[in-house]
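Trainee: Model the following, please.
(one chain, ligands or ions: 1)
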Amino acid sequence: MRLGTCLVGWCLIAMTTAYASEKRPNILFIMSDDHAAHAISAYGGRLAKIAPTPHLDRIANEGARFTNAFCTNSICSPSRACILTGQYNHVNGAFDLDGRVDPGKQMLALAMRSAGYHTAMIGKWHLKAEPADFEHYCVLPGQGQYHSPSFRVRGDKPWGKNTVEVPDRHVTDVITDFSLEWLQNGWDKTRPFFLMHHYKAPHDYFDNAERYDSYLADVDIPEPESLWVRDPLFGSMATRGDQDELLPHIGTSIGGRNPRRSYLRDLPKLYPEEFPPNYNASDFSEEENTRLSYRAYLRKFLRCVKGIDDNIGRLLAHLEKTGQLDNTVIVYTADQGFMLGEHDYQDKRWMYEESQRMPLLIRFPKTIPAGTTTDAIVENVDFPATLLDFAGVAIPPSVQGRSFRAVAETGTEPEGWKQEAYYRYWMHMAHHDNPAHVGIRTKTHKLIYYYGCNYDGGYRTPPGWELYDLCSDPTETKNIYDDPSQQSLVADLKSRLASTRERVGDDGSHFPKCEEVVKQFWDYDAADRKDAALISHEFLNRRLDELRRDIHNPFTHRTRKRKTAQKQP
Ligand code: CA
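Mentor: Residues are numbered from 1 along each chain as shown. Below is the predicted model of the structure:
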């Protein structure tokens with residue numbers, strides 16, 4: 001409440017000065033859901049040739065492409081909360097999928113509006129509370145539907161009860177229609193616009209518009225090597241268990257590795273047309289089954305991506321036709337990346353490259369030279385400061401992130417720019433069997449600490465550390481944490497992780513029981529490793545028992561909710 005009041009107060013002050021400034025550009029912020037950078041052809045990679053994204057590539061080619069943009073917590077609501085508030089999740093409180101940003105705290109909307117922008121939020125919102133700080137909104141309830149979607153709009157009834165139904169249409173087309181309609185008839189053209197245009201696609205379970213049903217049907221989709229070969233040095237006690245005993249149980253899989261949840265188990269039921277007629281997994285080898293699941297997965301995912309790219313073409317064409325294209329800062333991103341079969345993992349949540357990295361393309365030819373690329377490290381908490389900077393709006397003191405506008409305009413980072421991206425995934429073992437972790441990524445290395453517990457220190461999985469050299473091993477196949485020749489690097493990165501935690505304010509006070517575990521295994525000496533092996537055995541027994549009883553880890557974010565509500569001294 002206090003923060004909300006401060007923000008509103010700050011905005012009133014900002015308003016008086018901002019109106020006076022020169023003509024400001026429109027801002028179109030386009031965000032997809034789970035659209036990994038390596039599924040955009042401007043980023044190259046194994047899919048670039050078979051599944052090109054020409055309209056997204058146009059934004060990249062005519063603007064700036066960021067190769068080191070990262071989310072600080074690779075999951076939907078938390079990333080959206082970072083972008084709206086400019087704060088890390090331990091500050092904005094959106095630790096997990098229960099995360100919300102209440103009216104009065106939707107900083108980016110408030111600041112833009114106070115500075116004279118006409119603000120609109122169209123598409124996937126996923127922050128529970130009403131997007132009331134936007135002047136116009138039309139948002140999906142929660143995840144929303146791929147087909148015949150319903151939207152929540154402002155109206156006479158309470159939040160959530162005023163709806164618009166769009167039968168027989170695909171959600172990506174509808175969201176674009178709504179934005180085009182608003183740009184034509186809703187936007188007050190005496191002011192610049194700030195439009196957040198958020199696609200639901202390609203979030204799972206993927207469902208494309210019918211017109212893409214045959215797209216890629218006859219194309220061999222390249223596979224990542226790590227789908228097949230798990231380097232013996234990849235991962236740690238945390239992700240493999242003692243003597244690899246947890247390999248089946250950590251991380252949901254493409255093939256049948258994870259007995260609880262895999263695409264092999266789910267996709268034949270969801271997309272039977274992508275599998276051979278009368279498909280029965282037992283008629284195929286393990287390798288054949290994994291390949292069939294992977295193909296079904298990538299086809300459905302990339303068909304959704306194709307729908308996004310085509311619809312972005314419609315947006316660009318409209319802006320061009322109406323003479324707004326070059327006066328609009330166009331940003332394309334996704335709330336985080338996605339594992340497309342790397343390491344036989346599905347989903348996001350991981351700090352591994354494919355999941356932690358966000359695509360980030362910005363087009364604004366007035367100040368950004370075409371073809372700019374940069375490897376400066378930027379985080380999603382920096383996005384709102386950057387947008388406000390482009391808009392010529394002062395950045396509220398509540399914002400932790402920093403504007404990287406100058407980086408976009410010059411391709412180089414200013415003196416003193418951050419050299420570490422911070423990462424923390426809190427939602428321990430929920431949904432996709434990913435243990436909670438914290439870490440930093442530099443331009444050359446990644447240090448990950450799986451401390452392995454939920455908010456109250458419970459549901460333990462074995463703690464473990466991983467260190468990857470991203471120069472010599474960009475696909476993260478060799479954990480060099482235990483390599484004797486790397487011990488000074490390990491010590492240096494651990495100290496940088498500690499100081500980064502301090503810098504961002506993730507000081508352990510939010511969940512003290514969890515922090516006890518974080519501290520306990522920080523050194524990871526011989527005694528810690530022995531304890532970790534015991535935790536591994538205990539977790540294996542627990543998981544096997546759960547599988548026998550067909551139950552799964554009670555979603556640990558709900559544990560947090562209860563704990564937070566109780567507020568034990
Ligand atoms: Ca997402």
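Trainee: switch to C-alpha atoms for all contacts and neighbour counts from now on
Mentor: Noted.
Trainee: What about the residue nearest to S74 when sequence neighbours are not counted, how many residues nearby?
Mentor: Counting by C-alpha to C-alpha, 6 or more residues apart in numbering, R349 is the residue found nearest to S74 once chain neighbours are left out, at 4.6 Å. By other C-alpha atoms under 10 Å, 29 other residues sit near R349.
Trainee: what does K49 give?
Mentor: K49: 12 surrounding residues under other C-alpha under 10 Å.
Trainee: Would you check that it makes contact with S41?
Mentor: Yes. At 7.3 Å, K49 counts as touching S41 under the criterion of C-alpha atoms under 8 Å.
Trainee: Give me the pLDDT value at R230.
Mentor: At R230, the pLDDT value in this model is 89.
Trainee: Against the ion, how distant is it?
Mentor: Distance, R230 to the ion, by C-alpha to the ion, to the nearest Å: 26 Å.
Trainee: ok, for whichever residue of the chain sits closest to the ion, nearest residue in space, not its chain neighbours?
Mentor: Going by C-alpha to the ion, the ion is nearest to C76 of the chain, at 3.8 Å. In space, and not counting its chain neighbours, C76 is closest to D335: 6.1 Å by C-alpha to C-alpha, 6+ apart.
Trainee: what's the spacing between the one you found and I395?
Mentor: D335 sits 22 Å away from I395, going by C-alpha to C-alpha, to the nearest Å.
Trainee: and what of K494?
Mentor: Separation of K494 from I395 (C-alpha to C-alpha) stands at 32 Å.
Trainee: Show me which of the two is the more surrounded one.
Mentor: The neighbour count for K494 versus I395, taken as other C-alpha under 10 Å, is higher for I395 (24 against 19).
Trainee: Would you agree that one is in contact with F383?
Mentor: No. With contact defined as C-alpha under 8 Å, I395 does not count as touching F383 (11.5 Å).
Trainee: list the residues that contact both of those two?
Mentor: Listed as contacting both I395 and F383 by C-alpha atoms under 8 Å, 6 or more residues apart in numbering is no residue at all.
Trainee: in the longest helix seen in the chain, what's buried?
Mentor: Counting by DSSP state H, the longest helix found in the chain is helix 286-321. Buried residues in helix 286-321, counted by 16 or more other C-alpha atoms under 10 Å: 289-316, 318-319.
Trainee: Could you verify my assumption that the residue nearest to S74 touches Y425?
Mentor: Yes. Judged on C-alpha under 8 Å, R349 makes contact with Y425 at a distance of 6.6 Å.
Trainee: which residues are common contacts for these two?
Mentor: N73, S74.
Trainee: which residues does the residue nearest to S74 contact?
Mentor: For R349, the contacting residues are N73, S74, I75, S355, Q356, Y425, N434, by C-alpha under 8 Å, 6+ apart.
Trainee: so of these, which ones are in strands?
Mentor: The strands, defined by DSSP state E, take in Y425 from the contacts of R349.
Trainee: Pull the most distant pair out of the contacts of R349.
Mentor: Q356 and N434 (13.6 Å; C-alpha to C-alpha).
Trainee: joint contacts of the two?
Mentor: Common neighbours of Q356 and N434 (C-alpha under 8 Å, 6+ apart) are R349, W350.
Trainee: which of these two has more neighbours?
Mentor: When Q356 and N434 are compared for neighbours, Q356 comes out ahead with 29 against 26, by other C-alpha under 10 Å.
Trainee: check contacts around that one.
Mentor: F70, C71, T72, N73, S74, Q336, G337, F338, K348, R349, W350.
Trainee: Please enumerate the helices of the stretch 201-350 of the chain.
Mentor: Applying DSSP state H, counting those that start in this stretch to the stretch 201-350 of the chain gives helices spanning 237-240, 263-270, 286-321.
Trainee: okay, these in TSV with mean pLDDT next?
Mentor: What follows is the helices of the stretch 201-350 of the chain, written out as TSV (pLDDT from 0 to 100):
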stretch	mean pLDDT
helix 237-240	98
helix 263-270	97
helix 286-321	98
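Trainee: In a markdown table, list those along with distance to the ion.
Mentor: Below are these laid out as a markdown table (distance: least, C-alpha to the ion, whole Å):
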| stretch | distance to the ion |
| --- | --- |
| helix 237-240 | 22 |
| helix 263-270 | 18 |
| helix 286-321 | 13 |
